[in-house]
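Q: sequence first, predicted model second:
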Amino acid sequence: MRSSKWGTLRSPVAYLFVAPALLIFLVFSIGPTVYTFALSLFKWNKFNPALSKFIGLENYKTVFTGTGNPSFFDTLGVSFYYVAGMVIGGTALGLLLAVLLARGGRALASARTMVFLPHVTPVVATSLVWVWIFNPQFGLANLVVHATGHHNIDFLGDSRWAMPAVLIYSLWHELGFVTVVFLGGLTTISTELAEAAKLDGANRWQEFWFVTFPQLRPVVTLVLLIESVASLQAFTQFFVMTKGGPGYATSTLGFQLYQQAFVFSNTGYAAALAVVLFVITAALSILQLRLQGDRPAKAPRPSTFSRTTRTASTRSQSSSL
Amino acid sequence: MKRHTVTALAAGAAIAALALTGCSGNSADSSSGSKGAPTLAAGKKVTITFAEAMASGALKTELEKVTQEFESKNPNITVELQAQPDYGTLKTKIDAAVTAGTPPTIAQVYGDWAAAYAQSEVLEPLTDYAAADPSATDGLYKGIKNSLYIDKTLYMWPFNASALVTFYNPDLLKAAGVEAPKTWDDFATVAKAVSKDGVVALPIDPGSSSGPAGGTTIFELMAQANGTPVFKDDGTPQFDSPDVVKALQTLVDLKKAGAVQTGTNYPGETALGAQKGVFDISTSTSFYYDQQAVGGKFQLAVAPVPAAADGTRINQINGTNVTMFNKASDDQKAAAWKYMQFLTEAETQSEWAQATGYLPVNPKTLDLPDMKDYIAKNPYVTFASEDLANSSATPPYAWVEEASGDLAAALQSALAGNASPADALKDAQAKAAAAQKAAQ
């Protein structure tokens, strides 16, 4: 679409068509974002704004000197622990499940449905169910622990176990989505290359790692992006399962934002945390998009592995697999 | 470049608007001085709203019933009950309504919530209202009366009060050859004796940094029984005092011995009902819920909470008060005050206590014939009321909410074995002191 005196759109009437969407975006996204930034410069009294006080960058000083309660850096560490667990664990397990479920058949179709089912359940309701699964006295999880000859584990009440427990729940809830995305990706890749690799003597792992995975790289990038942003913003499971505890062991940035704003009414500090979370999320997204942009997926040319055009050079490439 | 300019202008405009809001007067809403209590003209119709958390079981039906009785006696006043499912949701809703400038006329509040509202000048001082009938205030238990004041100004009126009692399974005590403990020292011995074969003496929920739960209240009683309450009367935290550390050490030792277990969602009640717990130290209002959990499997017994080593019973006033917001019209304020007084009349309190398990806030209630019959059938009401009469509530200061969260977090850490009691409480003390400093 060429530029004109009307900007990127060709006619002023076009702006009328996009105006409702722009207005909604402005009111519900841009406006609150700017407002949040402004709030972060105040010691804000949400009950009576007349008593609010402009304090400049004081809230950011509290954030970056780690003098908040809990320290911003502790919170950031907890957030990255969760993000790493979700992104690495979610991507690896999702990919594994997708590869296993990629073949056709009625049984596998049912399995796909079962894997996806948790994702469509409400997080609040299923979090409550998992609270009971992790109950130290009556929970199912401890039945498994007992069966292995160990003592009861207080999954949600022990700092060492609380985050792994939330991760187990979150992975259970999210894996279906990641798996379906990978399944979609697997349907788009060339089967000819895999067949050629098999003929060249590649085993299943080599076929996956050197043929399938490189072609899936754009999908992996997408999953990494979605998972890291979603994990950074995760809140409900922490609110229901641990309330940020025990101590502050599961107090993520998102949870702290809620706690400071709505429990302790430290609105200005919470706004500063929100701005920092926004910057981190945006930076991560840009970084991942850049990485994807700089290194486009280099799927081997079909002819390289084509049965009819196989050459000595492809033989040597295959033999190095 | 142009986009940057627009963004900068938008941000600047937002900051300027906020600064103007911050500097502008809000005198109409911020009046906290005394100007005399308003009166309601006879026959003038008025509607008031009451944000409350009495949303289930007998609590819901009884509040609706007494409200209807009030409306029958005052046909010109309509009370709209705005029931919320729990106190957390109630606070969120009240906060949102106050922030939006449309608070309810009156609301159920804890002392620290009310302190934050009072500090923000959105509450109606009730001193002048109560001055018209000093006997109404003087007729309350001393501890209840004291809990209504914030910086010597009356901001709250009592509603649903309770004290802690010990619910227990007498069969499991008998099987272990022990009796209900009289002191906390006894409790530690008995708890260890009964905790075997999958039975845990006392499952507790410490709560979290977002807010303490019953387990933290039990810990607070133990600390006070040792000689030092966790908060001074002026709200100053004293979490790292030796008596408080000793109380937490006792709980940690009990946990190591398998006599205490942490959990969520009223774990004491659940375990008691499943015959996997022996004690549930909870408020008197839990009687109904504990009985439901037990379901006739054994005869639920009730005893006072364990006392200090010298036999002095230490308890804490639980429950909430009612507060009034100054956005209401004078007619609404007058009608709301009438309703608040009705809720604490001896007859209303008697009916309310019998239906819900809350304790009367007015000692005169105990002399009513129907209340005497009720006490004869539920003897625990006598000692629970005695405890209520001699107890005090958590000091009503805005920082107490955050400080109590720090205390609950310390309890969680120490019970999970992630920090020693002394270290966990030292850390909580530092955080609570910082919260106090920031709020003052």
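A: That came through, no problem. Numbers count the residues shown, from 1 in each chain, chains lettered A, B, ... in the order given.
Q: leaving out the residues flanking it, which one is nearest to the residue of the stretch 51-200 of chain B found nearest chain A?
A: Taking Cβ to the nearest Cβ, chain A has its nearest neighbour within the stretch 51-200 of chain B at B:Ser120, 3.7 Å off. Where you see a C-beta, it was placed from the backbone N, CA and C, and this is true even at glycine. With Cβ to Cβ, 6 or more residues apart in numbering or on different chains as the criterion, B:Ser120 has its nearest non-adjacent residue at 3.7 Å, and that residue is A:Phe47.
Q: give me the pLDDT for the residue of the stretch 51-200 of chain B closest to chain A.
A: In this model, B:Ser120 is scored at 94, pLDDT.
Q: near chain A at all, the helix or strand hosting B:Asp280?
A: For B:Asp280, the host element (DSSP states H and E) is strand B:279-283. No: counting by Cβ under 8 Å from any Cβ of the partner chain, chain A is not contacted by strand B:279-283; separation bottoms out at 13.3 Å.
Q: what sits up against that strand?
A: For strand B:279-283, the external contacting residues (Cβ atoms under 8 Å, 6 or more residues apart in numbering or on different chains) are B:162-168, B:191, B:201-204, B:214, B:218, B:266, B:268-269, B:271-272, B:286, B:290, B:305, B:318-319.
Q: mind exporting the helix or strand just after that strand as CSV, just the C-alpha atoms?
A: Once the chain leaves strand B:279-283, the next helix or strand it forms, by DSSP H and E, is helix B:286-294. Backbone C-alpha positions of helix B:286-294 (Å, rounded to 0.1, in the frame of the first residue of the first chain) are rendered in CSV as follows:
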residue,chain,number,x,y,z
SER,B,286,-16.5,-22.5,63.3
PHE,B,287,-18.8,-24.6,65.6
TYR,B,288,-21.4,-25.0,62.8
TYR,B,289,-18.8,-25.8,60.2
ASP,B,290,-16.8,-28.2,62.4
GLN,B,291,-20.1,-30.0,63.3
GLN,B,292,-20.9,-30.3,59.6
ALA,B,293,-17.4,-31.7,59.0
VAL,B,294,-17.7,-34.2,61.8
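Q: and the strands in the stretch 1-150 of chain A?
A: A:42-43, A:53-54 (DSSP state E, counting those that start in this stretch).
Q: near chain B, which residues of the stretch 51-200 of chain A? Just list them.
A: So the stretch 51-200 of chain A meets chain B at A:51-54, A:69-70, A:131, A:135-138, A:154, A:156-160 (Cβ under 8 Å from any Cβ).
Q: again, 7 Å this time
A: A:51-54, A:69, A:131, A:135-137, A:154, A:157-159 (Cβ under 7 Å from any Cβ of the partner chain).
Q: isn't B:Ser208 right up against B:Ala410?
A: No: B:Ser208 is not in contact with B:Ala410 according to Cβ atoms under 7 Å; the separation is 11.2 Å.
Q: which one's more surrounded, those two?
A: B:Ala410 (30 against 25; other Cβ atoms under 10 Å in any protein chain shown).
Q: where does the more buried one land in three-state SS?
A: State at B:Ala410, reduced to three classes by DSSP: H, G, I helix; E, B strand; the rest coil: helix.
Q: do the same with B:Val79
A: strand.
Q: and stretch B:167-184 with chain A, contact?
A: No: Stretch B:167-184 does not reach chain A (Cβ under 7 Å from any Cβ); its nearest approach is 15.0 Å.
Q: so how far is that stretch from its chain's centroid?
A: Relative to the centre of its chain, stretch B:167-184 is centred 28 Å away, using Cα atoms, centre = their mean, to the nearest Å.
Q: quick check: buried residues in that stretch?
A: B:Phe167, B:Tyr168, B:Asn169, B:Leu172, B:Leu173, B:Ala176, B:Val178, B:Ala180, B:Pro181, B:Thr183, B:Trp184 (16 or more other Cβ atoms under 10 Å in any protein chain shown).
Q: so for stretch B:283-301, mean pLDDT?
A: Rounded mean pLDDT across stretch B:283-301 is 92.
Q: can you get me the start-to-end distance on it?
A: 14 Å (Cα to Cα, to the nearest Å).
Q: stretch B:354-370 now?
A: Per Cα to Cα, stretch B:354-370 runs 9 Å from first to last residue.
Q: let me see the mean pLDDT of it.
A: 91.
Q: not counting its neighbours along the chain, what's nearest the residue in the stretch 251-400 of chain B positioned nearest to chain A?
A: Nearest residue of the stretch 251-400 of chain B to chain A: B:Thr262, at 4.2 Å (Cβ to the nearest Cβ). If the residues on either side of it in the chain are set aside, B:Thr262 comes closest to A:Gly157, at 4.2 Å by Cβ to Cβ, 6+ apart.
Q: how near is that neighbour to B:Asn378?
A: According to Cβ to Cβ, to the nearest Å, A:Gly157 and B:Asn378 sit 34 Å apart.
Q: same check on B:Thr320?
A: 22 Å.
Q: which of the two has more neighbours?
A: B:Thr320 (24 against 16).
Q: does that one touch B:Gln108 like I think?
A: Yes: the pair B:Thr320 and B:Gln108 qualifies as a contact (Cβ under 7 Å) at a distance of 4.5 Å.
Q: now the common contact residues for the two.
A: Common contacts of B:Thr320 and B:Gln108 (Cβ atoms under 7 Å, 6 or more residues apart in numbering or on different chains): B:Phe159.
Q: all the helices of the stretch 151-300 of chain A, in order from the start?
A: A:159-188, A:191-199, A:204-207, A:213-232, A:236-241, A:253-258, A:267-294 (DSSP state H, counting those that start in this stretch).
Q: pull out the buried residues from the second one.
A: Judged by neighbour count using 16+ other Cβ under 10 Å, the buried positions of helix A:191-199 are A:Leu193, A:Ala194, A:Ala196, A:Ala197, A:Lys198.
Q: report all helices and strands that the helix or strand harbouring B:Ala435 contacts.
A: Taking DSSP H and E as the criterion, B:Ala435 maps to helix B:421-439. In terms of contacts (3 or more Cβ pairs under 7 Å, 6 or more residues apart in numbering or on different chains; DSSP states H and E), helix B:421-439 is packed against helix B:242-256, helix B:400-415.
Q: low-confidence ranges in chain A?
A: A:1-9, A:292-321 (pLDDT under 70).
Q: swap in 50 and give it another go.
A: Along chain A, the model assigns pLDDT under 50 to residues A:1-3, A:296-321.
Q: tell me, what residue is most central in it?
A: Most central in chain A under Cα atoms, centre = their mean is A:Glu227, positioned 1.6 Å from the mean C-alpha point.
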